[in-house]
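Student: The sequence and its predicted three-dimensional model are supplied below.
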Amino acid sequence: MAIRMIVTDLDRTLLRNDKTISPYTAGTLAELSAREIPFVIATARPARAVRQLMPWLKFDGAVFCNGAIVTAGNEELRAYKVDGALEIVGAILNEKPETRLSVEMDDYLYSNMSPEQLGDWGSDYCCTPDFRETAGRRVEKILISSEGTPPEGWEREYAGYIPEGLYMQMSESTLLMVMNRQATKLNGIKLLAGHWGVELGEIAAFGDDLNDIDMLRECGRGVAVDNALQEVKSAADEVCGSNEEDGVARWIRANVLT
């Protein structure tokens, strides 16, 4: 079946380690646009981080915040948000006050961490000790980390605070994401595919991390970059070159733009 839509993760997949793309990859994306093949980014990053840190990146659709926000062009198709965020973070801080917490709400970041601790998350940031700004509001996701427990133990440590209807997932072994169960990259891709009249079997998807596995398994061609986690490679149909080798673009050139 011919590929009629391209979906890719950003960090460690499309983007090189310095968060740029090469002229070769830029040219490949321009050729996709010229042939009217939708190009979609599916990322755990919020929209502002892409907009501010990668203003040169052009895309037709986006799955932001790991699936919480889905857009086609400038149109928001769906938002899968978390209710009761203040109650969740309040309970965590009451019993585990050392926990590092952040909340994404309306494309703005609220956190009890300093900007230096947050790293590369874009601007629009508010330091808050109690997250009262989120009272009665729906949020895109909650981010958890802890210095007192190794990352592999975070899901077990915080599971009791997460109500039904939400799920936890590690991101790059540095953050535990808490999200609406419907907020997944795959669900976002399904929305966009329906919007453009594309079948899942006509989509090629690229990724490197655990939150990419579902889309690699369900899309017509699931491709892991060579630097992906082994679990991701095992779930993919095939492996392309690494993010430092223009792996995504070279696969597209060989299999779509022939």
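Tutor: Great, that's in hand. In this text the structure is predicted, and so the values were computed from the model without any measurement.
Student: ranges for the helices of the chain?
Tutor: Taking DSSP state H to define them, one finds helices in the chain at 23-34, 47-53, 85-95, 115-118, 154-158, 185-196, 213-218, 230-235, 247-255.
Student: lowest-confidence stretch among the ones you listed?
Tutor: When those are compared on average pLDDT, helix 115-118 comes out lowest at a mean of 62.
Student: Take the helices of the chain and lay them out in a markdown table including mean neighbour count and distance to Ala72.
Tutor: Using the backbone N, CA and C atoms, a C-beta is placed for each residue, glycine as well. Converted to a markdown table, the helices of the chain look like this (neighbours: other Cβ atoms under 10 Å; distance: least, Cβ to Cβ, whole Å):
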| stretch | mean neighbour count | distance to Ala72 |
| --- | --- | --- |
| helix 23-34 | 15 | 15 |
| helix 47-53 | 17 | 13 |
| helix 85-95 | 17 | 27 |
| helix 115-118 | 11 | 29 |
| helix 154-158 | 16 | 33 |
| helix 185-196 | 20 | 5 |
| helix 213-218 | 21 | 17 |
| helix 230-235 | 15 | 26 |
| helix 247-255 | 20 | 20 |
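Student: I'd like a version of these in a markdown table, one that adds distance to Glu104 as further columns.
Tutor: Below are the helices of the chain laid out as a markdown table (distance: least, Cβ to Cβ, whole Å):
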| stretch | distance to Glu104 |
| --- | --- |
| helix 23-34 | 27 |
| helix 47-53 | 10 |
| helix 85-95 | 10 |
| helix 115-118 | 12 |
| helix 154-158 | 17 |
| helix 185-196 | 15 |
| helix 213-218 | 21 |
| helix 230-235 | 24 |
| helix 247-255 | 26 |
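Student: quick one: low-confidence ranges for this structure?
Tutor: Scanning the chain for pLDDT under 70 picks out 115-123.
Student: Would you mind saying which of the helices of the chain lies nearest Asp11?
Tutor: Evaluated with Cβ to Cβ, these place helix 47-53 nearest to Asp11, the distance being 10.1 Å.
Student: Which neighbouring elements make contact with that closest one?
Tutor: strand 61-64 (3 or more Cβ pairs under 8 Å, 6 or more residues apart in numbering; DSSP states H and E).
Student: Kindly report the domain assignment for the chain.
Tutor: Split into domains by automatic domain parsing, the chain comes to 5-79+183-255, 85-180.
Student: Check those for me and report the most buried one.
Tutor: Among the domains of the chain, domain 5-79+183-255 has the highest mean neighbour count (mean count of other Cβ atoms under 10 Å), at a mean of 20.
Student: Distance across that one, terminal residue to terminal residue?
Tutor: End-to-end distance for domain 5-79+183-255: 12 Å, by Cα to Cα, to the nearest Å.
Student: centre of the chain versus that domain, how much separation?
Tutor: Taking Cα atoms, centre = their mean, to the nearest Å, one finds the center of domain 5-79+183-255 at 9 Å from the center of the full chain.
Student: For Glu36, see how far away Pro129 is.
Tutor: Distance, Pro129 to Glu36, using Cβ to Cβ, to the nearest Å: 50 Å.
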